[in-house]
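Colleague: After the sequence you'll find the predicted model.
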Amino acid sequence: GQQVMQIPQYQHVQEGEDFTTYCNSSTTLSNIQWYKQRPGGHPVFLIQLVKSGEVKKQKRLTFQFGEAKKNSSLHITATQTTDVGTYFCAAGLSSGTYKYIFGTGTRLKVLA
Amino acid sequence: ETGVTQTPRHLVMGMTNKKSLKCEQHLGHNAMYWYKQSAKKPLELMFVYSLEERVENNSVPSRFSPECPNSSHLFLHLHTLQPEDSALYLCASSQEGREGDIVHFGDGTRLSIL
């Protein structure tokens, strides 16, 4: 069945270092979303990418959708302790469906 | 305030008990979901309701029984659960065609099976 893998599963970085998580799908996607879940909280929507090769930025966060629309990445520049949490990608399989398949998540820990 | 409210926030129950989890969304969405979150599977989709009809059931054991009486409310009825069912149960909602189907999650119910 459809799988969405994220790597790495865990990442510990020193505050100020960069961080990247990758999301890979076995099939071509309609779109992809990214969510952040703080410790003890629930996933919260960050951004959606739709177009092949699309790049979007939110302050220190850069999101990219692959040319083949099978993979995506989230890059954080100069991490801060507020970036701690688990980052999930959510793969949209096709337009007109309700279902998003969430990736396995990457848990980020930032050491001060 | 997430727009999706879940009760209770915490629940401890024995394997022979019957309980229900409740979810209410105040966002006017037409789809609602139950997810299970555990260390083994971070976000596992259990059920999807679209316009109050169940459109997806991901091979969930029958000891979990969902109910969607209207587009704003969703229940998860629990009976004779197993210890491995201990997890965080997240309710969510979305609106197809608006906001790009952004999924809005509730705070979850932390369930512990004794």
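Modeller: It's in. Numbering: from 1, shown residues only, chains lettered A, B, ... in the order given.

Colleague: can you list the residues of chain A near chain B?
Modeller: A:31, A:33, A:35, A:41-45, A:48, A:50, A:86, A:88, A:90, A:92, A:96-102, A:104-105 (Cβ under 8 Å from any Cβ of the partner chain). For glycine as for every other residue, the C-beta is placed from the backbone atoms N, C-alpha and C.

Colleague: Which members of the residues you listed occur in strands, if any?
Modeller: The strands, defined by DSSP state E, take in A:31, A:33, A:35, A:44-45, A:48, A:86, A:88, A:90, A:92, A:100-102 from those.

Colleague: Can you tell me which of those is nearest B:Val12?
Modeller: Set against B:Val12, the nearest of these by Cβ to Cβ is A:Thr86 (24.7 Å).

Colleague: isn't A:Leu111 right up against A:Glu17?
Modeller: No. Between A:Leu111 and A:Glu17 there is no contact under Cβ atoms under 8 Å: 9.1 Å.

Colleague: In this model B:Tyr49 seems to touch B:Tyr33, though I could be wrong.
Modeller: Yes. B:Tyr33 lies in contact with B:Tyr49 (Cβ under 8 Å); the separation is 7.5 Å.

Colleague: who's in contact with the residue most central in space within chain B?
Modeller: Residue closest to the average C-alpha location in chain B (Cα atoms, centre = their mean): B:Trp34, at 2.9 Å. Applying Cβ atoms under 8 Å, 6 or more residues apart in numbering or on different chains, one finds that B:Trp34 lies in contact with B:23, B:45-47, B:66, B:74, B:76, B:89-92.

Colleague: Run through the residues you listed and flag the ones next to chain A.
Modeller: Within the set of those, contact with chain A (Cβ under 8 Å from any Cβ) is found for B:45, B:90.

Colleague: now the chain, which segments are flagged as low pLDDT?
Modeller: Just going to use chain A. Applying pLDDT under 70 to chain A flags residues A:1-2, A:94-98.

Colleague: actually chain B
Modeller: In the predicted model, chain B carries pLDDT under 70 at residues B:1, B:97-100.

Colleague: Return the residues of it in contact with chain A.
Modeller: B:2, B:31, B:35, B:42-43, B:45, B:48, B:50, B:55-56, B:90, B:94, B:96, B:100-108.

Colleague: List only those of these flagged as buried.
Modeller: The neighbour-count test (16 or more other Cβ atoms under 10 Å in any protein chain shown) marks B:2, B:31, B:35, B:42-43, B:45, B:48, B:50, B:90, B:94, B:96, B:100-108 as buried among those.

Colleague: okay, now residue 41: neighbour count?
Modeller: Assuming you mean chain A. Using other Cβ atoms under 10 Å in any protein chain shown, the number of residues around A:Gly41 comes to 14.

Colleague: Wait, chain B was what I had in mind.
Modeller: Using other Cβ under 10 Å: B:Lys41 sits among 14 other residues.
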